[in-house]
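1. Here is a sequence together with a model predicted from it:
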Amino acid sequence: MLQALARAVADLANRRVFTIMLQTLGIAVAIFVLLGLALGWLLQGLDPCNALGVGTCTLGTGESTIGALVLTLFGAWFLFPAVAITVVTGFSDRIADAVERAHYPEAAQLARPIGLGRGLLSGLKSGARLIVFNVLALPFYVLLLVTGVGPFILFVIVNGIALGRDLGELAAARHGDRQSRRAWLTRTRGQQHLIGLVVSVLFLVPIVNMLAPIIGIAAAIHLVNASSLAATPSRRSFEGADPPRSKNDGY
């Protein structure tokens with residue numbers, strides 16, 4: 001697992017991976033900019049004091065702008081993992097192809113792209129799951145504020161478990177048949193969770209959090225290839241051709 005993470009960090013120097021990282025980062029930032037503009041528009045003219053029954057304090061342009069900025073910054077901290085992983089999965093085939101062509105050329109030739117549509121659907125499911133998990137954990141975040149570090153520890157645990165599973169399934173989706181994927185996912189569940197926990201920690205570090213989703217998916221790709229190579233030297237049982245996939249064939 002540590003080797004997979006180390007290789008994933010090194011892959012940031014790969015021109016193709018770096019270009020994809022800039023593209024996904026640009027899309028994620030654009031989403032939050034649009035969110036901030038929408039919040040500013042919605043807050044303009046609101047009277048929160050009247051709603052609370054304590055007089056009147058209609059929000060002007062300045063107040064609504066400040067309010068939108070504060071809410072957007074909070075949303076960026078709270079929602080960035082979900083938004084980032086949703087965006088990155090749309091580029092998952094390109095990331096996987098870049099990593100596998102650089103390190104595992106045989107696997108790259110045998111891999112089956114999951115496609116943009118399936119990648120985006122997977123990303124939306126993953127992002128929605130992260131949002132739901134964090135909303136459910138929100139009362140505990142508030143309660144743990146008195147501890148100082150409690151909310152951050154809970155953030156890492158909540159997001160790490162979900163991210164590890166989703167990244168592992170996404171990376172494995174390009175190889176093997178349904179049965180071999182399930183066997184691999186079960187066998188490496190602990191390693192997947194560890195990758196997810198590390199990625200969650202990275203999400204807490206300013207600037208570095210922008211690299212976290214790319215590092216996570218690249219590490220999962222390395223884990224898939226290293227594990228399959230160790231378990232099956234011929235690689236055929238994990239990466240061999242499949243029979244035609246049915247529409248109900250999941251990860």
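-> Received the coordinates, thanks. Numbering: from 1, shown residues only.
2. can you give me the helices for the stretch 51-200 of the chain?
-> Using DSSP state H, counting those that start in this stretch, the helices assigned to the stretch 51-200 of the chain run over residues 61-89, 92-103, 105-110, 116-143, 150-172, 178-187, 189-203.
3. Just give me the neighbour total for residue 125.
-> When neighbours are counted by other Cβ atoms under 10 Å, residue 125 registers 14. The way it works is simple: take the backbone N, C-alpha and C, and place the C-beta from them, glycine included.
4. same deal with residue 22?
-> Residue 22 has 11 nearby residues by other Cβ under 10 Å.
5. could you give the angle of the helix or strand containing it to helix 61-89?
-> Assessed by DSSP states H and E, residue 22 sits inside helix 15-43. With axes from the mean of the first three to the mean of the last three Cα atoms, to 10 degrees as the basis, helix 15-43 and helix 61-89 are set at 150 degrees to each other.
6. Can you get me the centre-to-centre distance for helix 15-43 and its chain?
-> 14 Å (Cα atoms, centre = their mean, to the nearest Å).
7. before we move on, back to that, of the helices of the stretch 51-200 of the chain, which is nearest residue 220?
-> helix 150-172 (3.7 Å; Cβ to Cβ).
8. how big is the angle separating that closest one from helix 61-89?
-> Computed by the same axes, to 10 degrees, the angle between helix 150-172 and helix 61-89 is 40 degrees.
9. In helix 150-172, which residues are buried?
-> 151, 154-172 (16 or more other Cβ atoms under 10 Å).
10. do the same with stretch 54-62
-> residue 59.
11. Dump it to PDB, keeping only the CA atoms.
-> Provided in PDB are the C-alpha atoms of stretch 54-62 (Å, rounded to 0.1, in the frame of the first residue of the first chain):
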ATOM      1  CA  VAL A  54     -35.500  40.600  16.200                       C
ATOM      2  CA  GLY A  55     -36.100  43.700  14.000                       C
ATOM      3  CA  THR A  56     -34.900  44.100  10.500                       C
ATOM      4  CA  CYS A  57     -31.400  43.800   8.800                       C
ATOM      5  CA  THR A  58     -31.800  43.500   5.000                       C
ATOM      6  CA  LEU A  59     -28.700  42.100   3.400                       C
ATOM      7  CA  GLY A  60     -27.200  44.500   0.800                       C
ATOM      8  CA  THR A  61     -24.500  43.700  -1.800                       C
ATOM      9  CA  GLY A  62     -21.600  43.800   0.700                       C
END
